[in-house]
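**Student:** Let me see the structure of the following:
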Amino acid sequence: MLPERNACEKLVPKSICEYEAEIAPGIEEFAKRELRATLGNKLSWMRPVRAGFLRFACRGQPARLNSLRSVIAVYAVHHFDIPRPRAFLGNQHFTRLCEILKAALDDLDGSANSFGIGAAGSGSPVMLRLRVQLGAALGLPYAEEGKGQLYMRLLRGDRGGWDVLVRTTPAPLSKRAYRAVNVPGALNASVAYTMTRLSRAPALATVVNLCSGSSTILIEQALSQPTQRALAIDLDAGRLAAGKGNAAAANCPHITHLLGDARATPLPRQCADLLYADLPFGNLIGTHADNERLYPAILQEAARLARPTAKFIVLTHEINLLRRCLRGSGWRSVDEHPITLSGLHPRIFVLSQAVNKSA
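**Tutor:** Model prediction:
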């Protein structure tokens, strides 16, 4: 077990750097596992600070932090012993803040062309003045939406004072480079990665993604847990083309994209070792009335495609509907993971076959 900071912070040498990881609330445990696996003995301590955020410390500034897949973004944490944000405008603290941000710019290799600040009271006179002075000192415009490529957050420190959190990458880690085509309602990549952690595919597996959309789930599967065969199926030609483009950008040529109805695929019976579906929430895509017909049909088709030991990993916001449709479907829920996404509260279901089918 790693110690929490409160138990060991007095012993932490200056070579230890403090960070904060932003995570989709509900998948923190998966992020903890990935952090431990990625940093190994470089990880000094780790603890949750609030829903969707983990503080941790590690030796040095490992580049591997920017390869994390379950994390939305990573921020370097810098503490200022000041009573209120106004003090950032004072010469001593402003000079230090500029040094921190200029060092972060160097780490971004000059790729940042704007900056942004996330803070409570971002429209206050103090914050507006800080924004202007930082823009002049850094030679960067302030991003209109507030989230520039050089992005920092200001938070009241849990030890008193204020913390400056500077994002370590020009864009969130969850905004994958392979997203060649942005699809409305596309699944958050860190959540897609988490779904691939919920059931390990056997060697030489066939994985089927129903309602595949932008193919994010299968790409995350391929990048972290390669399989012999991956099939993406979607009825929307535009979404399927987007998924195909994303797979090409991710260098995942073994993902096959099939235009077809997820309720009646052209695939043979018992061909899948693992299945996924990011089912329509009934908000951006589809309606509740549509889902009333769609969900039972997809469960039935997935049961037809599944081999006896196959799992079916499903993400949905229609939680009660899915539970109702599971009755008599041949599937049962063996694990559930509530998460929060863009103000919604969907759930990841891990489904197993209620009764194993004979070969």
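**Student:** quick one: low-confidence parts of the stretch 251-359 of the chain?
**Tutor:** Residues of the stretch 251-359 of the chain meeting the criterion pLDDT under 70: 281-286, 355-359.
**Student:** Quick one: end-to-end distance for stretch 209-229.
**Tutor:** In terms of CA to CA, to the nearest Å, the two terminal residues of stretch 209-229 are separated by 11 Å.
**Student:** starting at the chain centroid, how far to that stretch?
**Tutor:** Taking CA atoms, centre = their mean, to the nearest Å, one finds stretch 209-229 lying 15 Å from the centre of the chain it belongs to.
**Student:** list the buried ones in that stretch?
**Tutor:** Judged by neighbour count (16 or more other CB atoms under 10 Å), stretch 209-229 contains these buried residues: 209-223, 227. No exception for glycine: its C-beta is placed from N, CA and C like everyone else's.
**Student:** Then stretch 246-258?
**Tutor:** Using 16+ other CB under 10 Å as the test for burial, stretch 246-258 gives 246, 247, 250, 252, 255, 257.
**Student:** rewinding a little: closest one of the buried residues of stretch 209-229 to residue 55?
**Tutor:** Closest approach between the buried residues of stretch 209-229 and residue 55, by CB to CB: residue 220, at 25.6 Å.
**Student:** Let me see the contact set for the closest one.
**Tutor:** Residue 220 sits next to 69, 189, 192, 193, 195, 196 when contact means CB atoms under 8 Å, 6 or more residues apart in numbering.
**Student:** Now, these that are in helices?
**Tutor:** Under the assignment DSSP state H, those contribute 189, 192, 193, 195, 196 to helices.
**Student:** In space, what's closest to the last one - neighbours in sequence excluded?
**Tutor:** By that I understand residue 196. Nearest residue to residue 196 in three dimensions, chain neighbours excluded: residue 221, at 4.6 Å (CB to CB, 6 or more residues apart in numbering).
**Student:** before we move on, what about the fourth one?
**Tutor:** Closest residue to residue 195 apart from its sequence neighbours, by CB to CB, 6+ apart: residue 313 at 5.0 Å.
**Student:** Secondary structure class of the one you found, three-state.
**Tutor:** strand (DSSP: H, G, I helix; E, B strand; the rest coil).
**Student:** what pairs with it across the strands?
**Tutor:** Beta-bridge partners of residue 313, counted by DSSP bridges, are residue 276, residue 350.
**Student:** my guess is it meets residue 198, correct?
**Tutor:** Yes - here residue 313 reaches residue 198: they are 5.4 Å apart, a contact under CB atoms under 8 Å.
**Student:** what do these two both touch?
**Tutor:** 348, 350.
**Student:** how far away is residue 71 from residue 53?
**Tutor:** 10 Å (CB to CB, to the nearest Å).
**Student:** shared neighbours, those two?
**Tutor:** In terms of CB under 8 Å, 6+ apart, residue 71 and residue 53 are both contacted by the residues 21, 22, 23.
**Student:** Can you tell me which of the residues you listed end up in helices?
**Tutor:** Of these, none are assigned to helices by DSSP H.
**Student:** out of those residues, who has the most neighbours?
**Tutor:** Neighbour counts for the shared contacts of residue 71 and residue 53, by other CB atoms under 10 Å, peak at residue 23, which reaches 28 neighbours.
**Student:** that older thread, just give me the closest of the shared contacts of residue 71 and residue 53 to residue 134.
**Tutor:** residue 22 (21.7 Å).
**Student:** what's that closest one in contact with, if anything?
**Tutor:** Residues counted as contacts of residue 22 (CB under 8 Å, 6+ apart) are 52, 53, 71, 72, 73, 74, 75, 172.
**Student:** Could you identify which of these has the most neighbours?
**Tutor:** Most surrounded of the contacts of residue 22: other CB under 10 Å gives residue 71, at 26 neighbours.
**Student:** circling back: closest to residue 326 out of the buried residues of stretch 209-229?
**Tutor:** Distance to residue 326 across these (CB to CB) is lowest for residue 210, with 15.7 Å.
**Student:** just for the stretch 1-150 of the chain, where's the confidence low?
**Tutor:** The stretch 1-150 of the chain contains residues with pLDDT under 70 at 1-15.
**Student:** Now the two most distant members of the buried residues of stretch 246-258.
**Tutor:** Taking CB to CB as the measure, these span a maximum distance of 13.0 Å, between 250 and 257.
**Student:** Any chance of the shared contacts of residue 71 and residue 53 in JSON lines with distance to residue 296 as columns?
**Tutor:** Formatted as JSON lines, the shared contacts of residue 71 and residue 53 follow (distance: CB to CB, whole Å):
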{"residue": "21", "distance to residue 296": "38"}
{"residue": "22", "distance to residue 296": "36"}
{"residue": "23", "distance to residue 296": "33"}
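**Student:** what residue lies at the spatial centre of this structure?
**Tutor:** Residue closest to the average C-alpha location in the chain (CA atoms, centre = their mean): residue 190, at 2.2 Å.
**Student:** Next, the contact list for the residue lying closest to that residue once chain neighbours are set aside, please.
**Tutor:** Distances taken as CB to CB, 6+ apart put residue 174 closest to residue 190, at 4.5 Å, once the chain neighbours are dropped. With contact taken as CB under 8 Å, 6+ apart, residue 174 is in contact with 71, 72, 73, 188, 189, 190.
**Student:** nearest residue to residue 311 other than its sequence neighbours?
**Tutor:** residue 199 (4.0 Å).
**Student:** For that neighbour, give me the pLDDT.
**Tutor:** Note for residue 199: predicted pLDDT of 92.
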